[in-house]
Structures are given as C-alpha cells and as structure tokens.
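1. Sequence and predicted structure are below.
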Amino acid sequence: MEKKQWVNLGIAFALTLFNFTSATAATTSSSEKISLNSETGAPVFIAGTLTVPSQADPYEIVLSYLREKENLYSIKLEGAQTLDIISETTDELGFTNIKLQHMYNGVPVFGSVLSAHINQSGVLTAISGELTQISKLDQDPAEENAFLQPSSAAAAVTNDLTAKLKKAPDIIQQESPSLVVFVGDGEARLAYSSEVEYLEPEPGNVRYFIDAANGAILASFNQIHQADPVGKDAVSAGTGLLGDKKSIYTVQNAEGSFLLDRTRGKGILTYDAANMLELPGKLWQDADGLFNEAYDAAAVDAHVYAGQTFDYFKKIHGRTSYDGKGARVISTVHYGEKYNNAFWSGSQMVYGDGDGTTFSPLSGSLDVVAHELTHAVTATTAKLIYQGQSGAINESISDVYGALVEGYFDDHPDWLIGEDIYTPKQKGDALRSLADPTTKGQPDHYSKLYLGTEDYGGVHINSGIGNKAAYLLANGGTHYSVAVKGIGLDKTGKILYRTLTQYLTPNTSYRQYQAAAVQAATDLYGASSEEVNSVKAAFSAVGLQ
Ligand SMILES: [Ca+2]
Ligand SMILES: [Ca+2]
Ligand SMILES: [Ca+2]
Ligand SMILES: [Zn+2]
C-alpha cells in the first residue's frame, strides 16, 4: 500500500516523455481529495490545497493540519502518541517533503510513517501514508527490567534461522536489534526489530520482530526478492516489438533466464510490473530462455535499447552508465494498464504499454529509451530544473541524444522521436520532430517562446527551439534566412555533451545555453574554428545570439 502511494507521487514530478496533463487538469483544486484504505477505513492519501499559504515552519504546517484531522486519522496527537520528524528535504520544484514517524511512548511504530508535501507558498498539497491504529499497549518501555537485552534478541534470530535452514546461516550482516511497537493481529507489542543478511545455505535477507518481553518470534519477512539471481552469464534469443530478432544478455540458472546483463557497468536489469503500479516489479524471468512471446517483446526492447544507450555514452563520451560510475540501469515494462507514457523516475526507467491507439508499448523505440536515460545523465550532471526554460533545455537534450543514439546504430537518423511507438495504426508520423518542430506545434524560434504555465512552463513545447538548433548544427540548412553549415552527428554530440556536463547549471536559460555551447565548442575546436561558427549560426537561426 505504502509503496503504491510512493509510486503515484513519483509520477507527479517525473520526467515524462511528453506532457499529458491538459490545461484544465493542471489547475489547482482547492477541494480536498481523500483516499481511504478500503479495508481499514483509514486515510492513505490526501491531496489538494489543504492549507492556506503560510510562512510557518513546514513541520508546524503539517502538524496543525493533522491536529484538525485527528478524527479522520483516529489518532490523538498528545500524550502517548506523537509524530516525530525523520527527514525534511526540498526538491527541484521547490516542494518541501517531510517524513513523520509515528511514535508511541517514545518508541517508533513500525512502518507507520506519513509523508507530506508543502509547496513554495507554504501550502500543504499532499499527505500520504497510513497510520497504524493502536488501541492500547500494555507494556511500558521505561520498565527496562521487563525486557530482553538486544543481544538476546539477536540470538533469538540466529536460533530461529538455524532451525528453519537446518544449518547455521553464514551471516554477512546483522542489524543491531532496536525497539519498535509492532502490531500483529490487532495487538500492539514492544518488539525488537532486526534485519539479517546471509549467503549460505542459500542467500537470504530477513527482517525479524522479536517479542521484547519473552524472545518469541512475532514475525519475519523475507526480503530476498531484491537480490540478484545466481547463475551464469548467457546470450539469449529475443523478439522485439517490431518482430525483430535480437540477442540479449541474460543470467541463466535452473529456474530459467533472467533479464540481467552483467556485461555492462554494475548491470542492466529489466523488470515486469505485470500491469500494476509497483516499482520496480519482478525481475524478468523466462522459463525456457527464449524471449519470443508477445508479452516478452516490451522487455526485450527495453533491455536491448538500454544496453545500446549505455554503449553510446561509453564509446562516444567515455561515460560509464548514466552517472559515469557504472550505476545499474533499471527498467520496468508493462507499467500500469494501457499507460500512455514513459518516464525516468529518479532512479529507473518506466514504460507503459500504451493504449494501442496513441501508443504501442513505449520501450519499442530506441530514441525513446535513449531520451529517458539521457534524463538520468542530466540529473547527475547539469541537474536542469524541470520547469520553464531550463526544463525545455532538459527535454531538448533528451530528444537530441534520443536522435543521436538512434543515428549511431542506424546510418539514417530520422530526427523524429517515437516514430516506432506513436499512433501504431498510422504510418509515417512521430511524437516530435527535431527537423521541423512546428509540425508538432512546437516553436522553432526563441521569439515564439511559449510563456504559459501549462506543462511546467512548456518543457515539452519550448524544447523545439533547442531541438531545431541541434538539428541545424548536425545537418546544416537555412532557417529564417540564417545559413548554417552542418558539422555532423559526432561533433554535435561531443559539443552538446561537454555543454551539458560542464557548463549547464540547474537554472540555465536558453541564452545561457547558447553561450555555454559556444564555449564548449571553443574548448574543443578553437575560437576561430568552423565548428564554433556553426554553433553560433545554429543558435542564431533560432533567435539566440
Ligand atoms: Ca520463453
Ligand atoms: Ca527516431
Ligand atoms: Ca504512427
Ligand atoms: Zn523527457
């Protein structure tokens, strides 16, 4: 439940492939939208304009709202129960995120956490999370003599594991037991919580809850599903969304073949959300090692195209994975039902299946995959704020590398984005065109900059200006009477890579982008070079000089 809400929150701020909120949908509603857990009746998500603008401390804003909602949350925020702040961060959109831990007599209630978002004006806009109901707790944590020592709780864990595994586990890490309030079968008990990780006789990662009074095991959760499969590296056969046969790097063991490519950085992994909204889902597993079913195709393409994008940045720019340090590249396909978008969540790529009319499964286009992964490069370098002009440059950089990566693996780059997945029943069109942004309603000149508030200030609209400049730089042409001599894909990629990774900053504007690109080209080719002249001409052609 908690996981699901986090996923939903993630989408609201994610870097999407295109803008899917209409102008009216973007209008802030002052009404409170309350989602309840259908089983417990407790609120799990409240969104809207929940408070009036305020200069008060964000923690105070949240607490005073929650005090008004004590009946709804069935909690009395006085005496035994409190909400303690465990983290406070501010994101790139200016939202403050506060996480609150539910405490009972000063002891954390396991898993009972609220996450609140407050916007730049000090307005509370969302609270997610469900508070665990505690009717009574008979034990007093102050009576230390009534409880086990933490070391006894740790021993109870190893004893239980040894009994279950019929062998003493080879423990590589055990968290020192800490006191929590654990609620099982409606009864609250003081318990020690401890996570233990072991490799033999088989890999495991289990969280234990041990009754603090008598050492009984109250619960244990195996969390091993996040661990990598053990097996040998293999090359398997797969079929992509366009029916194209391709080789994919996998790991094989007796249970089947897994979409884990250990040949690139710390690994490329592809997961199945099985049409639900949980991330990352389950690591893709195929019983016979032949990835040739229709359902497999979205995973095959996500896996192969993530690898190709990885290879492009490594071979052309010497960058190992998106962070330059070999970070794992994680993709999830079959996200949601008929979900018409793809996005970089901040830690992984996510692809919907599309509704079959507007989109087919979105991992089926190399330029779309490269677009998403380039957002991750931007997020670890320039950190361009996803709003207004910096957001448009962020989007444009992703489109440009979408086209360049495609061009690297295909001699005929089309300078279109998403042609392989957009409107599957209609041939020859695309989501965006870098060659002529106006065909998709985007500006192709700075004088036509969209100044409205829709789409985070037009990030998927004004990207047309940067896209046209990059297209002209690579291919040449005359635009609004300005002639540009093209310098090709490789040099365009090199100049913009240096611009992105060394000169752009979070709030870069289009004018700064032009100056940065000229500087990057000057570094690479010299101030009086043909390349610098072409950069100046390309930006000048879109109204930037
Ligand atoms: Ca199969
Ligand atoms: Ca394309
Ligand atoms: Ca189409
Ligand atoms: Zn994007």
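-> Now that the structure is in, tell me what you want to look at. Just so it is clear, the model here is predicted, and its values are computed rather than measured. Ligands and ions are numbered 1, 2, ... in the order given.
2. ok, the residue of the chain found nearest ligand 3 - contacts?
-> With CB to the ion as the measure, residue 423 is the residue of the chain nearest to ligand 3, at 3.5 Å. The way it works is simple: take the backbone N, C-alpha and C, and place the C-beta from them, glycine included. By CB atoms under 8 Å, 6 or more residues apart in numbering, residue 423 lies in contact with 357, 358, 359, 429.
3. So which of these is surrounded by the most neighbours?
-> residue 359 (27 neighbours; other CB atoms under 10 Å).
4. Could you double-check that that residue sits in contact with residue 421?
-> Yes. If you go by CB atoms under 8 Å, residue 359 and residue 421 touch, sitting 5.4 Å apart.
5. any idea which helix or strand carries residue 195?
-> Using DSSP states H and E, the element containing residue 195 is strand 187-198.
6. Report the buried residues of that strand.
-> Neighbour-count burial for strand 187-198, counted by 16 or more other CB atoms under 10 Å, picks out 188, 189, 190, 191, 192, 193, 194, 196, 197, 198.
7. Surely the third one touches residue 209?
-> In other words, residue 190. No. Counting by CB under 8 Å, residue 190 sits too far from residue 209 to count as a contact (10.2 Å).
8. Need the overlap of contacts for these two.
-> 180, 182.
9. where in the stretch 1-150 of the chain is pLDDT low?
-> Along the stretch 1-150 of the chain, segments meeting pLDDT under 70 span 1-15, 19-31, 38, 91-93.
10. Kindly report the same for the chain.
-> Segments of the chain classed as low confidence (criterion: pLDDT under 70) are 1-15, 19-31, 38, 91-93, 199, 202-204, 222-227, 411.
11. how about the residues of it near ligand 2?
-> 367, 406, 414, 416 (CB under 5 Å from the ion).
12. Let's have those in a markdown table, adding secondary structure.
-> Compiled in a markdown table, those are given as follows (DSSP: H, G, I helix; E, B strand; the rest coil):
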| residue | secondary structure |
| --- | --- |
| 367 | helix |
| 406 | helix |
| 414 | coil |
| 416 | strand |
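13. Residue 112 should be in a strand, yeah?
-> Yes. Using three-state DSSP, the assignment for residue 112 is a strand.
14. any idea how far it lies from ligand 2?
-> 48 Å (CB to the ion, to the nearest Å).
15. Could you pull up the residues touching that residue?
-> Applying CB under 8 Å, 6+ apart to residue 112 gives the contacts 101, 102, 129, 130, 131, 132.
16. rerun that using 10 Å as the cut-off
-> Contacts of residue 112 were listed using CB atoms under 10 Å, 6 or more residues apart in numbering, and they are 2, 75, 81, 83, 100-104, 129-134, 180-181, 183.
17. So how do I select the buried members of those residues in ChimeraX?
-> Here is the ChimeraX selection string for the buried members of the contacts of residue 112, based on 16+ other CB under 10 Å:
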select :75,81,83,100,101,102,103,104,129,130,131,132,133,134,180,181,183
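18. Give me the subset of the contacts of residue 112 that lies in strands.
-> Counting by DSSP state E, the part of the contacts of residue 112 found in strands is 81, 83, 100, 101, 102, 103, 104, 180, 181, 183.
19. wait, which of those is closest to residue 325?
-> Closest to residue 325 out of the ones in strands among the contacts of residue 112 is residue 101 (31.8 Å), distances taken as CB to CB.
20. so which strand or helix has the nearest residue to residue 437 once chain neighbours are set aside?
-> Counting by CB to CB, 6 or more residues apart in numbering, residue 464 is the residue found nearest to residue 437 once chain neighbours are left out, at 3.0 Å. For residue 464, the host element (DSSP H and E) is helix 463-475.
21. Around ligand 3, which positions in the stretch 301-450 of the chain sit nearby?
-> Within the stretch 301-450 of the chain, the positions adjacent to ligand 3 are 422, 423, 426, 429 by CB under 5 Å from the ion.
22. How many residues are close by the first one?
-> Burial of residue 422 is recorded as 22 neighbouring residues (other CB under 10 Å).
23. That one contacts residue 354, doesn't it?
-> Yes. Between residue 422 and residue 354 there is a contact under CB atoms under 10 Å: 9.0 Å.
24. The strand holding residue 195: partners in the sheet, and parallel or antiparallel?
-> Each strand that pairs with strand 187-198, with its direction, by DSSP bridges: strand 171-174 (antiparallel), strand 178-184 (antiparallel), strand 204-211 (antiparallel).
25. ok, and which of those has the densest surroundings?
-> strand 204-211 (a mean of 21; mean count of other CB atoms under 10 Å).
26. What is the very next helix or strand once past that strand packed up against?
-> Moving toward the C-terminus from strand 204-211, the next helix or strand (DSSP H and E) is strand 217-222. The contact analysis (3 or more CB pairs under 10 Å, 6 or more residues apart in numbering; DSSP states H and E) places strand 217-222 against helix 150-165, strand 178-184, strand 187-198, strand 204-211.
27. Between the ones you listed, which one is closest to residue 44.
-> Nearest to residue 44, of all those, is strand 178-184, at 16.3 Å by CB to CB.
28. Give me the residue at the spatial middle of the protein.
-> In the chain, the C-alpha nearest the mean C-alpha coordinate belongs to residue 345, at 1.4 Å (CA atoms, centre = their mean).
29. Roughly how far does it sit from ligand 2?
-> Distance from residue 345 to ligand 2, counting by CB to the ion: 23 Å.
30. Was I right to think that residue contacts residue 351?
-> No. Contact criterion CB under 10 Å: residue 345 and residue 351 do not qualify, at 11.1 Å.
31. Overlap in contacts, these two.
-> 332, 335, 372.
32. What is the neighbour count of residue 185?
-> By the criterion of other CB under 10 Å, residue 185 has 7 neighbours.
33. residue contacts, it?
-> Contacts for residue 185 (CB under 10 Å, 6+ apart) come out as 218, 219.
34. Now for residue 422 and residue 354: what residues contact both?
-> In contact with both residue 422 and residue 354: 360, 362, using CB under 10 Å, 6+ apart.
35. bridging residues for residue 206?
-> Beta bridges link residue 206 to residue 196, residue 222, judged by DSSP bridges.
36. cool, and the one 5 residues further on?
-> Bridge pairing for residue 211 (DSSP bridges) gives the partners residue 191.
37. how close does it get to residue 540?
-> Going from residue 211 to residue 540 by CB to CB, to the nearest Å gives 74 Å.
38. Going along the chain, name the strands of the stretch 251-400 of the chain.
-> With DSSP state E, counting those that start in this stretch as the definition, the stretch 251-400 of the chain shows strands at residue ranges 256-258, 260-261, 268-272, 282-283, 285-286, 290-291, 329-335, 342-344, 349-352.
39. these two touch, right, residue 151 and residue 210?
-> No. Using CB under 10 Å, residue 151 is not in contact with residue 210, being 11.6 Å away.
40. Which residues are in contact with each of the two?
-> With CB under 10 Å, 6+ apart as the test, residue 151 and residue 210 both reach residue 177.
41. Near the closest residue to ligand 2 within the chain, how many other residues are there?
-> Nearest residue of the chain to ligand 2: residue 367, at 3.9 Å (CB to the ion). Per other CB under 10 Å, the neighbour tally for residue 367 reads 32.
42. residues contacting the residue nearest to residue 418 when sequence neighbours are not counted?
-> Among residues not flanking residue 418 along the chain, residue 431 sits closest, at 3.5 Å (CB to CB, 6+ apart). Applying CB under 10 Å, 6+ apart, we find residue 431 in contact with 17-18, 358-359, 362, 365, 367-368, 371, 399, 416-419, 421-423, 440, 460.
43. Phi and psi next, for residue 431.
-> Main-chain torsions, residue 431, degrees, to the nearest 10: phi -70, psi -40.
44. And it, how far from residue 167?
-> 56 Å.
45. Buried residues of stretch 94-114, list them for me.
-> For stretch 94-114, by 16+ other CB under 10 Å, it's 95-104, 107-114.
46. pull the CA atoms of it into PDB?
-> Output of stretch 94-114 as PDB, limited to C-alpha atoms (Å, rounded to 0.1, in the frame of the first residue of the first chain):
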ATOM      1  CA  GLY A  94      10.600  23.900  -4.500                       C
ATOM      2  CA  PHE A  95       8.500  21.400  -2.700                       C
ATOM      3  CA  THR A  96       9.400  20.500   0.900                       C
ATOM      4  CA  ASN A  97       8.900  16.900   1.700                       C
ATOM      5  CA  ILE A  98       8.600  16.000   5.400                       C
ATOM      6  CA  LYS A  99       8.500  12.400   6.700                       C
ATOM      7  CA  LEU A 100       7.000  11.800  10.000                       C
ATOM      8  CA  GLN A 101       7.500   8.700  12.200                       C
ATOM      9  CA  HIS A 102       4.500   7.700  14.400                       C
ATOM     10  CA  MET A 103       5.800   7.200  17.900                       C
ATOM     11  CA  TYR A 104       4.100   5.600  20.900                       C
ATOM     12  CA  ASN A 105       5.600   6.400  24.300                       C
ATOM     13  CA  GLY A 106       8.700   7.500  22.500                       C
ATOM     14  CA  VAL A 107       9.100   4.200  20.600                       C
ATOM     15  CA  PRO A 108       8.600   4.200  16.800                       C
ATOM     16  CA  VAL A 109       5.600   2.300  15.500                       C
ATOM     17  CA  PHE A 110       7.000   0.000  12.800                       C
ATOM     18  CA  GLY A 111       6.000   1.100   9.200                       C
ATOM     19  CA  SER A 112       3.700   3.900  10.500                       C
ATOM     20  CA  VAL A 113       5.100   6.900   8.600                       C
ATOM     21  CA  LEU A 114       3.500   9.900   6.900                       C
END
